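>>> need a structure here:
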Amino acid sequence: MARVPDTLYATTDDGVSIAYQVVGEGPVDLVLELESWGNVEIMWELDALADLFERLSQVSRLVLHDRRATGLSGGVSFPNLETRARDLLAVLDAIRSPRAVLFGERTAGAAFSVFAASYPNRVASLVWNRAVATQRWSPEYPWGQTPDEHREEAAEARRGMGSKELGREWLLACAPSLADDERLAAQIARLDRHFMAPSTAAEWIRVESETDVTAVLPLLQCPTLVLDYEHSPTGAAQSRHVQSRIPGAQLQLISGDAHALPYGNREEIVAAVKAFIGRAQAATASATVLGTVLFTDIVGSTERQAAMGDRAWADVIRRHHTIVREALHRWQGAENDTAGDGFYATFDGPARAIRCALDIVSRVGEVGLEIRAGIHTGECEVVDGKRSGLAVTIGSRIAAIAGPQDVLVSRTVKDLTAGSGFSFDDRGEHVLKGVPEQWRLYRVAPEA
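Model prediction:
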């Protein structure tokens, strides 16, 4: 058995401990995350994974970490994309890594794509093994699963997560030649048990089934390598689809079959990663980021001002501004502009923007006001520390459509907040003034 490195902990901004390990002293920091397994100590027991880790640690300073609520990390529920990004920031800060290469498998790579778009100056390049943009089936994305299939998978996880029987099933599907290896099936079952509890596994499947990062792919600026296998059952069609949507992304097919133990043909994979990160230029300061914009304004403000008089209205406006700014501070938003009774603020992630908007909607009622809010996530230009661009225009147009006490969001916001506990009412497609195409919008249902 390989020597297991020391496990350390990074503390997130909300006080959760994230377990991580650092292996090797290579010239670049490389963060590796698998899709299906995660326990930084137990993973070393599987020879195939230990071999992969050791090979990568010879060409990098390899960083492994357990996602929140999995493995040795704290937390009570599987994290959404926004939380995963901030947890990774905590790990990178703890090891004093200014910039890292991200290497993610399937949906782990999807989470890394959001991180790379949100924090481009912290990412040197992205390697995405067997790329998956969403687990949700659609005519445009036929590799996903239907809601019934996801429910069946979640039910199976509740019944058998961590069992030897499920380990055998995994081997039969992914490494048929090893399906009769009882010792290996037991190892996989042990990995599963130390990865997450059955209830967490069911929640994880539900969150992944609702997540879609397709809208993020065109915004990626870092050099990106997509890996798949020459003998993939779909001809690497899903990886080709993802690669085609990332500007400048490369696709490299590894010899062999995807139906193998994790990271089959590891020697070729590591050689591909080493060559790619050697060719990829160091990231430079970026003028654009993936950002979330929030616009709010008071409903019927002109009529209220006329009825109350200027002096009384000025007092109401001061109280309104105090409520909004307290909410922005609470949910870590940045005030970009204030015009009369409206606010424009930005956030690193959409979930906090929604919670901030709901907070404001609730509290302004104390001073007899109603507001409307619009939220969108997209590419923002950064000029003198403030964000601008088409995403900002879209956010303002969405707010203009919202009704009293509505928090209206774009589909991108909905797709990126899976696992955040929100429910949404479909408000149909809308034309946004001056913005191309029609936009499907959703109203955030008030929290109970």
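>>> Domain boundaries for this protein, per the record?
Segmentation of the chain into domains, based on automatic domain parsing, reads 8-134+211-279, 288-444.
>>> For those, give me a markdown table that also has mean pLDDT.
Converted to a markdown table, the domains of the chain look like this (pLDDT from 0 to 100):
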| stretch | mean pLDDT |
| --- | --- |
| domain 8-134+211-279 | 93 |
| domain 288-444 | 94 |
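>>> ok, the lengthiest strand in the chain: who's next to it in the sheet?
Assignment by DSSP state E gives strand 371-383 as the longest strand of the chain. Next to strand 371-383 in the sheet, as set by DSSP bridges, lie strand 288-298 (antiparallel), strand 386-388 (antiparallel), strand 407-410 (parallel).
>>> tell me what the very next helix or strand once past the first one is packed against?
Scanning forward in sequence from strand 288-298, with DSSP states H and E defining helices and strands, the next element found is helix 301-308. For helix 301-308, the helices and strands in contact under the criterion 3 or more CB pairs under 8 Å, 6 or more residues apart in numbering; DSSP states H and E are helix 310-330. Just so you know, the C-beta spots here come from the backbone N, C-alpha and C atoms, and that holds for glycine as well.
>>> Which positions within the helix it packs on qualify as buried?
Of all the residues in helix 310-330, those buried under the rule 16 or more other CB atoms under 10 Å are 313, 316-317, 320, 323-325, 327-328.
>>> What is the subsequent helix or strand relative to that helix?
Next along from helix 310-330, by DSSP H and E: strand 334-339.
>>> residue boundaries of the helices in the stretch 1-150 of the chain?
Using DSSP state H, counting those that start in this stretch, the helices found in the stretch 1-150 of the chain span residues 47-57, 81-94, 107-118, 147-160.
>>> buried sites along the last one?
For helix 147-160, the buried set under the neighbour-count rule, 16+ other CB under 10 Å, comprises 150, 153-154, 156-157, 160.
>>> Which residue in these has the weakest pLDDT?
When the buried residues of helix 147-160 are sorted by pLDDT, the bottom entry is residue 160 at 84.
>>> Can you tell me, leaving aside adjacent residues, what's nearest to it?
Nearest non-adjacent residue to residue 160, counting by CB to CB, 6 or more residues apart in numbering: residue 166, 4.2 Å away.
>>> dump the residue contacts of the most centrally placed residue in the chain.
By CA atoms, centre = their mean, the mean C-alpha position of the chain lies nearest to residue 81, the distance being 2.6 Å. Residues in contact with residue 81 (CB atoms under 8 Å, 6 or more residues apart in numbering) are 110-111, 114, 211, 213, 349, 416-419.
>>> What is the neighbour count of the nearest residue to it once chain neighbours are set aside?
Leaving aside its sequence neighbours, residue 81 sits nearest to residue 114 (CB to CB, 6+ apart; 4.8 Å). Residues near residue 114, counting by other CB atoms under 10 Å, number 23.
>>> Please report the distance of residue 114 from residue 416.
7 Å (CB to CB, to the nearest Å).
>>> any shared contact partners between the two?
81-82, 213, 216.
>>> Dump the residues you listed to TSV, plus distance to residue 298.
TSV is the format used below for the shared contacts of residue 114 and residue 416 (distance: CB to CB, whole Å):
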residue	distance to residue 298
81	32
82	28
213	34
216	33
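>>> between these, which is nearest residue 193?
residue 81 (25.7 Å; CB to CB).
>>> Would you list the phi and psi of residue 227?
phi -110, psi 140 (degrees, to the nearest 10).
>>> burial of the closest residue to it other than its chain neighbours, as a residue count?
Closest residue in space to residue 227, ignoring its immediate chain neighbours: residue 129 at 4.7 Å, by CB to CB, 6+ apart. Using other CB under 10 Å, residue 129 has 27 other residues around it.
>>> Next: residue 400.
Neighbour tally, residue 400, other CB under 10 Å: 14.
>>> measure it to residue 435 for me?
Residue 400 is 11 Å from residue 435, by CB to CB.
>>> Same check on residue 74?
42 Å.
>>> buried stuff in the strand or helix carrying the residue nearest to residue 160?
Element membership of residue 166, judged by DSSP H and E, is helix 164-174. Residues of helix 164-174 classed as buried by neighbour count (16+ other CB under 10 Å): 164, 166-171, 174.
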